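Asker: Pasting the sequence and the predicted coordinates here, then a few questions.
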Amino acid sequence: MKGKRVGLNGDTAVAFAAKQANVDVVSAYPITPQTIIVETLAKYINNGELDAAFIPVESEHSALSAAVGASLAGARVFTATASQGLALMYEILWIAAGMRTTIVMALGNRAFSPNINIHCSHDDAYAARDTGWIQFFAENVQEAYDLTLQAFKVSEDHRVLFPSIINLDGFILTHSLEGLYVLDDKTVEEFLPPKKPYNPIDPEAPKTYGPLDLYDWYMEHKKLQDYHFNNNVPPVIKEVFEEYAEISGRRYTPVKTMGVEDADIGIMILGSSAGSVRHVVRQLREKGKKVGVISLTQYRPFPKKELVEAVKNLQVLAVMDRSISFGSPGAQLYMDVASTLYNAKHRPLLFNVIYGLGGRDLTPVHIEGVVEKAEEVLKKGEVEEEQIWVGLKE
Amino acid sequence: MLYEVRWHGRGGQGVVTSSELLALSALKEGLYVYHAPEFGPERRGAPVRAYTRISDEPIEQHYGIYTPDAVIVIDPTLQSEVDYVMQGLKEGGLIVLNAKTPNSEIVERAKKLGAEIWVVDAYKIAMDIFGRPFYNTPMLGAFTKVWGRIKLDNVLESIREKFGERGEEIVKLNIEAVKKAYEEVKKYEY
């Protein structure tokens, strides 16, 4: 591991990464659990540690609108939000992606109201899944820091030009302190030189962004956006991960696996609980249980090929969602996985596990329960209950 | 080695800061840490908990701490909430109380668990040094002595880093409070 070891909570680590990325503009509206990010950046700017414009706004809709303008003008832009804040940004999420801005946004994952809950769910991350933003999930504070730096490099690459979201679980990561290694400023500066704007706003040569585009060309433009998103983004992410591994000693992959090569049963999960599952599964493997774990660092674009490869030896896969999708055939990650595998040569039996809504803790007992359920499915050779909930009170 | 600590106090007493300082001090020993405050309705005076997980191996798990190796009760009135503060304490665990003496029910529970009870009058230390009931840093000092796994110097260094921004006087008083409690904490023999 390269860099200096420090103790920071997730929010502070993300703010520190944005400072090291030497952002030009921060446009944000504070909302729990990301407030510390905005406060810390405001402090850096106020202290003179960061030479950036801080745009105080009256809402998240304005926060992201200002970020869009600044990004198109050529600035490196950072913002952060959570839950209701993201919901208020929703209109502008599409605009930020479709107009090919390079905004990097931290999302302190938090449940939607009602009822009012400030704790972790992944509803907000999933609500942005169709909008054309690149999405990363951090598993711990180290990853929240590392992914923030890498996201700028990915988004600003001229083969990409799409904004990025870094998801970090509310409170579990945003407010919890862990040890992490941070790079020195000079290394970050070399990795992330100033942004080279692509086709920026230029008062000398005015042009229009996002004009009226009806049935004559709208569809072709969306096809192009989709083509660029699916085909250009994943190879650049891999390149950036590779380059970052060289400077940091920490190697990221779109899909993270443990033990799937020799396992019959797999558990798939996003965010801070991935480590919890891995920790419990390690103990189960010591007792001879053939269980593996899959988590995603790259959630959008969805890493289909890597997932097909990861599950090729599994007989049963439990897909865990920290969210609910009312009336849907399954929660969001489950549907992604089921769609990805439907036409694959080999597909394990699938079931969906709902856990952790509104910050409900995912404990070792719950995780062992999921493995037991998967063992039943393996034994029977069929899925009788497609969705189960864990951690519910009786 | 995996060691889990639960801190008990009341809103406004700096329970979260104690847990954070313990984590930062452990980090200086080259250990791995996870410090998590508990967030509910934020009311001054309401019971508050914070958690510190320390290990010599990387910590992957992010679930709560249910069976702590130690409970530290920084508020002197909370030891009467016996079920609350003793919840899940491991056999042979540590109980560190801000008290002149433990209440009899805690002693009974501790006996059953083979747990050690340590007491320190952090109220007196805080009033003598700060003139106000700031129990959190003295209780950190007490725990540093009782656990014995982290060097006092690393705790003092963390205090300097944490409170440095707030001026030399605050640093000096907190260091004095940590040291005093470190010296005065005593095992209660039952």
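Answerer: Great, that's in hand.
Asker: Confirm for me that A:Thr340 is in contact with A:Glu306.
Answerer: No - the pair A:Thr340 / A:Glu306 is not scored as a contact, 9.9 Å apart, by CB atoms under 8 Å. Just so you know, the C-beta spots here come from the backbone N, C-alpha and C atoms, and that holds for glycine as well.
Asker: What is the neighbour count of the closest residue to chain A within chain B?
Answerer: Proximity to chain A, evaluated over chain B using CB to the nearest CB, is greatest for B:Glu60 at 3.3 Å. Neighbours of B:Glu60 under the rule other CB atoms under 10 Å in any protein chain shown: 19.
Asker: wait, what's in contact with it?
Answerer: A:140, A:275-276, A:278-279 (CB atoms under 8 Å, 6 or more residues apart in numbering or on different chains).
Asker: Up against chain A, what does chain B have?
Answerer: Chain B has residues B:20, B:23-24, B:27, B:32-37, B:39, B:59-64, B:66 near chain A, with proximity defined as CB under 8 Å from any CB of the partner chain.
Asker: same thing but 10 Å
Answerer: Contact residues, chain B versus chain A (CB under 10 Å from any CB of the partner chain): B:16, B:19-21, B:23-28, B:30-40, B:51-53, B:58-64, B:66, B:158, B:161.
Asker: Return the subset of those residues lying in strands.
Answerer: Using DSSP state E, the members of those that fall in strands are B:32-37, B:51-53.
Asker: Which residues of the stretch 251-394 of chain A lie near chain B?
Answerer: A:271-280, A:282, A:356, A:359, A:361-367.
Asker: Can you say which of these are buried?
Answerer: Buried members of these, scored by 16 or more other CB atoms under 10 Å in any protein chain shown, are A:271-280, A:356, A:359, A:361-364, A:366-367.
Asker: which ones are touching the residue of chain A found nearest chain B?
Answerer: Distances between chain A and chain B by CB to the nearest CB are smallest at A:Gly275, namely 3.3 Å. For A:Gly275, the contact set (CB atoms under 10 Å, 6 or more residues apart in numbering or on different chains) comprises A:139-140, A:143, A:269, A:293, A:295, B:34, B:58-63.
Asker: Would you double-check that it falls in a helix?
Answerer: Yes - looking at A:Gly275 with DSSP: H, G, I helix; E, B strand; the rest coil, it is inside a helix.
Asker: Next one: the spatially most central residue of chain A from A:Leu350, what distance?
Answerer: Geometric centre of chain A, nearest residue: A:Phe136, 2.7 Å, by CA atoms, centre = their mean. For A:Phe136, the distance to A:Leu350 (CB to CB, to the nearest Å) stands at 24 Å.
Asker: if we can go back for a sec, quick one: pLDDT of the residue of chain B closest to chain A?
Answerer: We have a pLDDT of 96 for B:Glu60.
Asker: Tell me the pLDDT of the nearest residue to it once chain neighbours are set aside.
Answerer: Counting by CB to CB, 6 or more residues apart in numbering or on different chains, the nearest residue to B:Glu60 once its immediate chain neighbours are dropped is A:Gly275, at 3.3 Å. We have a pLDDT of 97 for A:Gly275.
Asker: top helix in chain A by residue count?
Answerer: Counting by DSSP state H, the longest helix found in chain A is helix A:218-248.
Asker: What residues sit buried inside stretch A:307-318?
Answerer: Those would be A:307-308, A:310-311, A:313-318, for stretch A:307-318 by 16+ other CB under 10 Å.
Asker: and the spatially closest residue to B:Thr67 that is not a sequence neighbour, helix, strand or coil?
Answerer: Spatial nearest neighbour of B:Thr67, excluding adjacent residues (CB to CB, 6+ apart): B:Gly88 at 4.6 Å. Under three-state DSSP, B:Gly88 falls in the coil class.
Asker: how about A:Val14, what does it touch?
Answerer: A:8, A:34, A:36-37, A:40-41, A:78, A:80, A:104, A:106, A:108, A:138, A:141, A:144-145, A:147-149, A:166, A:168, A:173-174.
Asker: Report the contact partners of the residue nearest to the spatial centre of chain B.
Answerer: Nearest residue to the geometric centre of chain B (CA atoms, centre = their mean): B:Ile72, 4.3 Å. B:Ile72 makes contact with B:5-9, B:15, B:18-19, B:22, B:50, B:52, B:85, B:94-98, B:118, B:136, B:139-140, B:142-143, B:146-147, according to CB under 10 Å, 6+ apart.
Asker: Would you mind measuring from A:Ala138 to A:Gly10?
Answerer: In terms of CB to CB, A:Ala138 sits 7 Å off from A:Gly10.
Asker: Can you pull out the low-pLDDT segments for chain B?
Answerer: Chain B contains residues with pLDDT under 70 at B:41-42.
Asker: let's see 50
Answerer: Nowhere does chain B drop to pLDDT under 50.
Asker: all strands of it, in order?
Answerer: Counting by DSSP E, the strands of chain B are B:2-10, B:32-37, B:47-55, B:70-73, B:94-98, B:116-120, B:186-188.
Asker: still on that earlier bit, what pLDDT does the model give the residue nearest to the centre of chain A?
Answerer: In this model, A:Phe136 carries a pLDDT of 99.
Asker: ok, which stretches of the chain are helices?
Answerer: I'll assume chain A. According to DSSP H, the helices that chain A contains are A:10-20, A:35-47, A:60-72, A:83-98, A:123-127, A:141-156, A:185-191, A:218-248, A:273-286, A:304-310, A:332-342, A:364-380.
Asker: actually chain B
Answerer: B:15-28, B:82-86, B:104-113, B:122-129, B:136-147, B:152-163, B:168-184.
Asker: ok now do the residue lying farthest from the centre of chain A, which residues does it touch?
Answerer: Centroid-distance maximum for chain A: A:Glu204 at 37.7 Å, with CA atoms, centre = their mean. Not one residue lies near A:Glu204 by CB under 10 Å, 6+ apart.
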